[in-house]
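Enquirer: need the 3D shape of this:
(4 chains, ligands or ions: 2)
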Amino acid sequence: MSDPDALYQDAIKQFARAAHGHGQLENATGEAKLNNPLCGDRVRMQVAIDAGRIAAIAHDTRGCLLCRAAAALIGVRAAGQDAAAMDAVTDALDAMLKGVAPIPVAWPELAMFEPARAYPSRHKCVLLPFHALQAALRNAAAATSSGDHRDQ
Amino acid sequence: MSDPDALYQDAIKQFARAAHGHGQLENATGEAKLNNPLCGDRVRMQVAIDAGRIAAIAHDTRGCLLCRAAAALIGVRAAGQDAAAMDAVTDALDAMLKGVAPIPVAWPELAMFEPARAYPSRHKCVLLPFHALQAALRNAAAATSSGDHRDQ
Amino acid sequence: MSQTAASLREQFPLLAAAPELHYLDSAATAQIHRAALDAVLHHETTSRANVMRGTYRLAEAADRAYGAARQSVARFLNADSADEIVFTSGATAALNLVAHAFGATLRPGDRVLLSVAEHHSNFVPWQMLRDRCGIELALIPVDADGRLDLAHLPELMGSRCRLVAVTQCSNVTGAWTDVAAIVAAARKAGARVLLDGAQAVQHGPQDVQALDVDFYAFSGHKCFGPGGVGVLWGRAEVLAQMPPFHGGGGMIVEVTLQATTWAEAPQRFEAGTPPIAQAVGLAAALEWMMTLDWAAIAEREDRLCRQLIDGLSRIPGLRLLGPLDGKRAPIVSFDMPGLHPHDICQVLDAGNVALRGGHHCAQPLLTALGVDVCTRASIALYNDEADVQALQDGLDHACRELA
Amino acid sequence: MSQTAASLREQFPLLAAAPELHYLDSAATAQIHRAALDAVLHHETTSRANVMRGTYRLAEAADRAYGAARQSVARFLNADSADEIVFTSGATAALNLVAHAFGATLRPGDRVLLSVAEHHSNFVPWQMLRDRCGIELALIPVDADGRLDLAHLPELMGSRCRLVAVTQCSNVTGAWTDVAAIVAAARKAGARVLLDGAQAVQHGPQDVQALDVDFYAFSGHKCFGPGGVGVLWGRAEVLAQMPPFHGGGGMIVEVTLQATTWAEAPQRFEAGTPPIAQAVGLAAALEWMMTLDWAAIAEREDRLCRQLIDGLSRIPGLRLLGPLDGKRAPIVSFDMPGLHPHDICQVLDAGNVALRGGHHCAQPLLTALGVDVCTRASIALYNDEADVQALQDGLDHACRELA
Ligand SMILES: Cc1ncc(COP(=O)(O)O)c(C=O)c1O
Ligand SMILES: Cc1ncc(COP(=O)(O)O)c(C=O)c1O
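Expert: Ligands and ions are numbered 1, 2, ... in the order given. Take a look at the predicted model:
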């Protein structure tokens, strides 16, 4: 049996507390709200896209430490990325949590979630902000191509 | 474990084969059809009532040996009885099959069904003609009181 | 017979094998009693056959066991007759059965009265019925403690209330419903009453005749029996007026290409092969329960519940949900601002304390209480002081660890 | 691995403990395999907790076991994804789920095509849907051997057929349905295809992708698993378009007083606490089945079936129902004019032969075959020559005894 205490590394607590990127964008070009039906956690992600890349990002996250840490990491790291890069990071994170891949080299801070491998019920907590970002990016792309701004 | 062979006493086979009372009444004052949903067995009972008693009876029975023997016993025995007497016999038979009462003294031939005690799934086979008769008697009473002839 | 928590705990194989475990999640699933497990095993290895259709001895044995299980449930509920006992796959299935079969007797504009405190399983089926059939839903509100506020019952029923469907005991707050008051108002309005007993049954046998309701639903896994089985009790005259819900084998008198005639209750409502061994296992659990000294158990459960409440109220900032005084089931939910229930549960798990965090399938109630999620500890007959203490210690640890 | 019937029989606790029993009623309920029973026991004593909501290790273990069970079923059916596997309480519940949830996407005048050979569980739910919603039912007729007569398939579908719902194998005649022909016609008409696999699964793993159907339903108790559990497989894109059937815990994203949003499949269709230990037990049975040499088993089942048919055809007056040539499941039903099936079954029980007599929940089929009731012997992988011989001897005895 693994020790649940190990899950709450200082890095997670620090990221969660810092809540990097928390807030609201005036000039969002894409937005998505996702929630986890099992626990009611909610993330709203907003992005402003410029030339296919994330120019600015903001989120409003109500959730557990893992969820908030993940959102804050996105708040620090996502700017400058494009949708393909975020898909790659999300897939790599998913694979790491499932135990079928190592820590994604692109985002070494994701190492803080490694102990969550042992707790499948918590994987969704970590992934929720990433999935919300993917959805926001899709919505931004759809809005650009249709010349229209859509919420999901 | 009891021996199923014991169930098929000669008396049962003889009654079933004789099919006393099989047929149709011209002057029925009450009639009922019942079927056993578990096996699809069917009994149609007809009675002609005179002064509150069974003046004539006929049945059409499609069923197993137990069901046919019970119907034939009714064919021999029911004439002259009133509804209360048939209710008493039916209750006594039910109690005997459940093992909570001895063979009804009124109808000693019911002893042939005693081995069926061990086989609850067959109780309905024995009881079906009796229940059909009770229903026919109720219908006859209702027809008399309403001046109307009703099928159930 | 009166037994200690330790001697009771001994009878639950999972708990007996895990002495370090502080299982405080019985409101979600109670552990299975040895007798129930043995009964399942015995049935499957000596009497397994399909029921109600076979004439060989093995099938007779299966039939007998299944029929006896119905009798046991009838005794546990003090039902008038075993024919009023419908086996289902669980409380949720039982509630859906009523929403469809009793629901089929309702007309647009008829009203069903629920409460804000319902579990989703006694909420969503009625919303679905409303959207399907145009009935009206009304909701009994809750007070700040989560107790049903019955002040405006007559107005809430209006003139066309046909059914009041409420929980007997909240799975979040432990609040018991004042069933007598609801039944009295419902009778006056000509409405039937359904009681969701899912949370009540693990605290002792019930008496549907004394409760004087019309339907009662519960699940086997919440009263020390197997999963996959539940019960709907319905008053004979009410069941007799309802069409079936599921169609299939065993619930018909005759099927022709044109039309089908239904069997009587309870068969009418048990389409297909029922959960036979599970019903037999449930009966064993209920028979065992009927041998217990429930006054003594209630006293102990209550004492532990008070200890828990006392301990929790000393934690700064912690908010207890639900009534703090009066009769309540030993289910204690709380909110710690700044600490998420999943984190709390995770850290407590390190101390082998099993708690549940989330919305507990009662989002309308949580919204009414002003929280999104909460942490819940629930106590059953096998719990003791050590479990409460471990929870207390774990929470202290969590406050330090997660701060 | 190829095993003898005797070595297989050894693995079924009930049969191992009753060497005298000639169990020929597996079409009603197959006996439970040791592995399934052990898995239930193991789960209930080491991993029992509610699923999908708990974060403590015990709940994680329950979740993992339940998720793994879904994977096992997906492998057994060669489903594209475990998300296409919905656990239900049985085949009947699975069929009712489709009749309601897919049924909700139909409009008055849309057609559902069944066959005369359906078990009541795939017949009555559709009659009920017709009476509720005004859809049309049409019926594929059977030939004199009980095989579906597909000659007029396009006409039977008409222009508005939305679903063809048929049995993969008759529980009375053992006739296999020509699924490919039905799928081809359905695709042309734009109709979906549901296959009732209740009788097929005990004869080996299935391949829903090769069958190319849209829904597949079966019960655990007919494939050596526990009762109280069944499966609906549905093509992802079809499940995604269906509203839920039962409402309750675990199938929602959010519940508010006004409205509720549904979870994705399979959760959307699994309201309430599912039959967790039963699903785990079923998975153990299926995993065991996937290790077997099915070609060898089919050959033996077929040989026994031929022997049975040969022996029965020598009894004067006896009428065999169903196809006598070609591929068929080892289910043999017959009619003995003058001898009632219940009497036959009763007398054979004296020789420890377990047979089933009655209408087998297939009254429309029996009517089409010109009988009211019949006697059925069904063979599974643990049967052998001695079982067939005992049936033969018992029937000789019955003819003398009952004449
Ligand atoms: C009050 C209440 N009602 C209904 C249910 C549903 O029970 P089940 O999930 O066993 O169907 C529950 C259990 O979660 C409950 O607590
Ligand atoms: C062909 C067929 N379909 C459906 C069913 C119903 O299965 P269950 O009773 O397990 O729900 C059966 C079993 O009796 C069957 O043989």
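Enquirer: top strand in chain C by residue count?
Expert: Longest among the strand segments of chain C by residue count, using DSSP state E, is strand C:161-167.
Enquirer: spatially nearest residue to residue A:104 (excluding sequence neighbours)?
Expert: Counting by CB to CB, 6 or more residues apart in numbering or on different chains, residue A:104 lies nearest to residue A:92, which is 3.6 Å off, once chain neighbours are set aside. To be clear about C-beta, it is placed using only N, CA and C from the backbone, and glycine gets the same treatment.
Enquirer: flag the shaky bits of the chain, pLDDT-wise.
Expert: Since no chain was named, I'll use chain A. Low-confidence regions of chain A, defined by pLDDT under 70, span residues A:1-5, A:146-152.
Enquirer: nope, chain C please
Expert: Where chain C drops to pLDDT under 70, the residues are C:1-2, C:53.
Enquirer: give me phi/psi at the residue of chain A found nearest ligand 1?
Expert: Of all residues in chain A, the one sitting closest to ligand 1 is residue A:38 (13.6 Å; CB to the nearest ligand atom). Backbone geometry at residue A:38, expressed as degrees, to the nearest 10, gives phi -70, psi -30.
Enquirer: distance of residue C:288 from residue C:300?
Expert: 17 Å (CB to CB, to the nearest Å).
Enquirer: higher neighbour count, these two?
Expert: Between residue C:288 and residue C:300, counted using other CB atoms under 10 Å in any protein chain shown, residue C:300 has the larger neighbour count: 21 against 17.
Enquirer: pretty sure that one contacts residue C:5?
Expert: Yes: if you go by CB atoms under 8 Å, residue C:300 and residue C:5 touch, sitting 6.6 Å apart.
Enquirer: intersection of neighbour lists for these two?
Expert: When contacts are counted by CB atoms under 8 Å, 6 or more residues apart in numbering or on different chains, residue C:300 and residue C:5 are jointly contacted by residue C:381.
Enquirer: following the longest strand of chain C, which helix or strand shows up next?
Expert: helix C:179-189 (DSSP states H and E).
Enquirer: residue 77: what's it in contact with?
Expert: By default, I'm working from chain A. A:107, A:109.
Enquirer: hm, I was asking about chain C
Expert: Under the criterion of CB under 8 Å, 6+ apart, the neighbours of residue C:77 are C:85, C:205-208, C:216, C:231, C:233.
Enquirer: gap between it and residue C:233?
Expert: With distances defined as CB to CB, the gap from residue C:77 to residue C:233 amounts to 5 Å.
Enquirer: and if you look at residue A:140?
Expert: In this structure, residue A:140 and residue C:233 are separated by 55 Å, where distance is defined by CB to CB.
Enquirer: looking at those two, which is more packed in?
Expert: Higher neighbour count among residue A:140 and residue C:233: residue C:233, with 27 against 24, using other CB under 10 Å.
Enquirer: can the helix or strand harbouring residue C:288 be found next to chain D?
Expert: The secondary structure element spanning residue C:288 is helix C:276-289 (assigned by DSSP H and E). Yes: judged by CB under 8 Å from any CB of the partner chain, helix C:276-289 comes into contact with chain D through C:276-278.
Enquirer: helices and strands around that helix, which ones?
Expert: Helix C:276-289 sits against helix C:34-46, helix C:57-77, with contacts defined as 3 or more CB pairs under 8 Å, 6 or more residues apart in numbering or on different chains; DSSP states H and E.
Enquirer: with distance to residue C:361 added, can I get these in JSON lines?
Expert: What follows is the helices and strands packed on helix C:276-289, written out as JSON lines (distance: least, CB to CB, whole Å):
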{"stretch": "helix C:34-46", "distance to residue C:361": "24"}
{"stretch": "helix C:57-77", "distance to residue C:361": "24"}
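Enquirer: so which of these comes closest to residue C:351?
Expert: Using CB to CB as the criterion, the shortest distance between residue C:351 and the helices and strands packed on helix C:276-289 is 26.7 Å, found for helix C:34-46.
Enquirer: relative to residue C:223, how far out is the closest residue to residue C:205 other than its chain neighbours?
Expert: In space, and not counting its chain neighbours, residue C:205 is closest to residue C:76: 5.1 Å by CB to CB, 6+ apart. Computed with CB to CB, the distance linking residue C:76 and residue C:223 is 9 Å.
Enquirer: next: residue A:90.
Expert: Taken as CB to CB, the spacing of residue A:90 relative to residue C:223 amounts to 43 Å.
Enquirer: between these two, who's got more neighbours?
Expert: Comparing residue A:90 with residue C:223 by neighbour count (other CB under 10 Å), the higher total belongs to residue C:223, at 27 against 17.
Enquirer: dump the residue contacts of the closest residue to the more buried one other than its chain neighbours.
Expert: Taking CB to CB, 6+ apart as the measure, residue C:223 lies nearest to residue C:201, with 4.1 Å between them; neighbours along the chain are not counted. Applying CB under 8 Å, 6+ apart, we find residue C:201 in contact with C:218-219, C:222-223.
Enquirer: inside strands: which ones of those residues?
Expert: Using DSSP E, the members of the contacts of residue C:201 that fall in strands are C:218-219.
Enquirer: which of the contacts of residue C:201 are close to ligand 1?
Expert: The subset of those within reach of ligand 1, counting by CB under 6 Å from any ligand atom, consists of residue C:219.
Enquirer: please tell me how far the closest residue in space to residue C:39 that isn't next to it in sequence sits from residue D:161.
Expert: For residue C:39, ignoring the flanking residues on the chain, the nearest one in space by CB to CB, 6+ apart is residue C:284 at 3.6 Å. As defined by CB to CB, residue C:284 lies at a distance of 48 Å from residue D:161.
Enquirer: how about residue C:242?
Expert: Counting by CB to CB, the gap from residue C:242 to residue D:161 is 32 Å.
Enquirer: nearest spatial neighbour of the closest residue to chain D within chain A, skipping sequence neighbours?
Expert: For chain A, the nearest residue to chain D under the criterion CB to the nearest CB is residue A:37, separated by 4.5 Å. For residue A:37, the nearest residue in space outside its immediate sequence neighbours is residue D:253; the separation is 4.5 Å by CB to CB, 6+ apart.
Enquirer: many thanks, have a good one.
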